[in-house]
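1. Mind looking at a prediction? Sequence and model below.
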Amino acid sequence: MYNGKAMIGGCEVVLTPVQDKLLRRGKREGARPARSLEELKDDLYNWEKHVDPKDIKELEEKGIDKSVLDEAMLTLRASNKSFAGEDQAMPGERIYEQRPVGHHYKSAVRLYIKILKECAGSKEDPGLMYKAMFGPDQPVDLSVFDYEADRIKKLRKRGV
């Protein structure tokens, strides 16, 4: 029976019923639009639709496995609460009303891939960022690429 109190986490909390109020301006939105399970899964896992397949191929050639990108994008999508408020909220609740639904996540994925392409290097082409770590008269030490290749092989043997 409702008595206005509840135990939450071992603490007694006083509950107060909320009265629906008349909106003087604007209109009340209807029920939240339901999305199918396929739409939800596509929104969570299909980050590739936001980038050029050539970029993914280029990163794979530089040694960045697609499974690593899948995990990074899933973590980015699932752990960043701003995507809900900026991208998926109902009209009137979104932070940026002028942007289309999904724009924030799309731009984040594109920026992530762009920066990754700029920073990623290989033994054959270490990139300007890696070369900048050495002085003009110092030889560029490429042994880190061999070490990383060995480390990844060991991880894959263990099934990580």
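-> Received the coordinates, thanks.

2. Could you list every helix and strand in contact with the lowest-mean-pLDDT helix or strand in the chain?
-> In the chain, the helix or strand scored least confidently by mean pLDDT, DSSP states H and E is helix 82-83, which has a mean of 76. Counting contacts by 3 or more C-beta pairs under 8 Å, 6 or more residues apart in numbering; DSSP states H and E, helix 82-83 is packed against helix 103-119. Where C-beta positions appear, they are placed from N, C-alpha and C, glycine not excepted.

3. State the mean pLDDT of the helix it packs on.
-> Taken as a whole, helix 103-119 has a mean pLDDT of 91.

4. roughly how far is the helix or strand immediately after it in the chain from the heart of the chain?
-> Next in sequence after helix 103-119, counting helices and strands by DSSP states H and E, comes helix 127-131. Averaged C-alpha coordinates place helix 127-131 at 26 Å from its chain's average position (C-alpha atoms, centre = their mean, to the nearest Å).

5. What is helix 127-131 packed up against?
-> Judged by 3+ C-beta pairs under 8 Å, 6+ apart, helix 127-131 is in contact with helix 103-119.

6. What's the end-to-end length of stretch 88-105?
-> End-to-end span of stretch 88-105 (C-alpha to C-alpha, to the nearest Å): 10 Å.

7. got the buried residues for it?
-> Within stretch 88-105, the residues that qualify as buried are 88-89, 94, 104-105, counting by 16 or more other C-beta atoms under 10 Å.

8. before we move on, back to that, please list the residues outside the least confident helix or strand of the chain that contact it.
-> Helix 82-83 is contacted from outside by 77, 95, 104-105, 108, using C-beta atoms under 8 Å, 6 or more residues apart in numbering.

9. from the residues you listed, which two are the most distant?
-> Arg77 and Ile95 (16.9 Å; C-beta to C-beta).

10. and the one residue sitting closest to the centre of the chain, what element?
-> Taking C-alpha atoms, centre = their mean, the centroid of the chain lies closest to Leu76, which sits 2.2 Å from it. Leu76 is part of helix 66-79 when elements are defined by DSSP H and E.

11. Could you tell me how far that helix lies from the centre of the chain?
-> Using C-alpha atoms, centre = their mean, the offset of helix 66-79 from its chain centre is 6 Å.
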